[in-house]
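A.B. asks: Got a sequence here, can you model it:
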Amino acid sequence: MTYYGGVEGGATNTVATIINEKGEILGYGKSAGCNTWQVGITGAVHEIVKAVEDAKSEAGLKSDITLTGLGICIGGSQQAMIDVFHKEYPALANEIIVKDDTAGSMATAFDQGGIVLIAGTGSNCVYNGPDGSSKRCGGWGNFMGDEGSAWWISHRAIKYLFDDDDNLKKAPFSVEPLRAMMHGYFKVESNTEMLNHFYTGFSKSFFAGFCKEISHGAIQKKDQLCRHVFKEAAQVLADHIAGVMPYISKEYHLLNKGTGILCIGSVWNSWELLEDGFFSRLREKINGETKSVKLLKPVITSAVGAAILVAKHCGSIVSMDLSKHTKVFHQESI
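C.D. replies: Predicted coordinates for the structure are as follows:
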């Protein structure tokens, strides 16, 4: 029997799966985040191995079984990671490929190109056309981008509070409800105590986790500043789509009967806070380049797509009904 492994690597979690040549999913595994920029290449490799071994166990495979191929979709160094695998885990898989974090999502949902818009801990947008063309917008990390992500929303909200307190720039709404949320989540009593979270104690995934509190404040408490920040996030996410729109082929629009967008990440769970800002900005920016937008959510991990990619790399075509891997959560005429 031939076995392929797939890995979805993120800043918060690592998810692995094992499939066979028939396209049957045999097991899943999970470990901590494996973003190479946060935990280093060796640390990322160790987390990936933990998740793969967990998936092998659930699949009923012995730990010493060598996979035919292992596909890893992650942001960060590629060849350097493969070198560490060969050195430290030479029996893990006969073939190992490392692709960009959007590649697994793309392969999970589309067989003739697609658009992936990630808004999780970080953000990224990639279009792959049916003709093999590709265009990227974003995906440069929190220092240079990550607009619309959970990290960005957390940072944006706290920046409003700090600027308001410094009398540098007044916030559009009261910062006091946000202050209480910040104190509770970060376990601080002053802005000065936040410096540890900005410097030596900085954790991107933990900082991004504050986004959940902001979402709760926006939905449950109807806080105006929290709702305002989510509207801004919606607008910059729409800007990502507008960034790739001029490169999208007519063939892609025809295949999807409009523009299909796969939306990945926890920020999309707050769709009720994003909807108005997203579509108002999209209509403003795309100038009739598409008649309809269809937003899709994955119902399965992109680790499956990573496994499909490595199977193709090994010369095997895995048969799966990709349409079952997503569901439409919103469709709107533009």
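A.B. asks: tell me the domain boundaries of the protein?
C.D. replies: 3-99+300-321, 112-143+233-299+328-333, 148-222 (automatic domain parsing).
A.B. asks: could the ones you listed be laid out in TSV, adding mean pLDDT, distance to residue 106 and mean neighbour count?
C.D. replies: In this view, the C-beta of every residue, glycine as well, is placed from N, C-alpha and C. TSV is the format used below for these (pLDDT from 0 to 100; distance: least, CB to CB, whole Å; neighbours: other CB atoms under 10 Å):
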stretch	mean pLDDT	distance to residue 106	mean neighbour count
domain 3-99+300-321	92	7	20
domain 112-143+233-299+328-333	89	5	19
domain 148-222	97	19	17
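A.B. asks: How about residues contacting whichever strand or helix holds residue 81?
C.D. replies: Under the criterion of DSSP states H and E, residue 81 resides in helix 79-88. With contacts defined as CB atoms under 8 Å, 6 or more residues apart in numbering, helix 79-88 is touched by 36, 41-42, 44-45, 70, 72, 74, 92-93, 96-98.
A.B. asks: now stretch 283-291
C.D. replies: Residues from elsewhere that reach stretch 283-291, judged by CB under 8 Å, 6+ apart: 238-239, 241-242, 245-246, 248, 253, 258-259, 333-334.
A.B. asks: Same list, those, but as TSV with secondary structure please.
C.D. replies: What follows is the contacts of stretch 283-291, written out as TSV (DSSP: H, G, I helix; E, B strand; the rest coil):
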residue	secondary structure
238	helix
239	helix
241	helix
242	helix
245	helix
246	helix
248	coil
253	helix
258	coil
259	strand
333	strand
334	coil
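A.B. asks: Compile these into JSON lines and extend it with columns for distance to residue 145.
C.D. replies: Converted to JSON lines, these look like this (distance: CB to CB, whole Å):
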{"residue": "238", "distance to residue 145": "15"}
{"residue": "239", "distance to residue 145": "11"}
{"residue": "241", "distance to residue 145": "15"}
{"residue": "242", "distance to residue 145": "15"}
{"residue": "245", "distance to residue 145": "18"}
{"residue": "246", "distance to residue 145": "20"}
{"residue": "248", "distance to residue 145": "21"}
{"residue": "253", "distance to residue 145": "27"}
{"residue": "258", "distance to residue 145": "27"}
{"residue": "259", "distance to residue 145": "22"}
{"residue": "333", "distance to residue 145": "30"}
{"residue": "334", "distance to residue 145": "25"}
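A.B. asks: circling back to that earlier point, please state the offset of the helix holding residue 81 from the chain centre?
C.D. replies: Mean C-alpha position of helix 79-88 versus that of the full chain (CA atoms, centre = their mean, to the nearest Å) differs by 24 Å.
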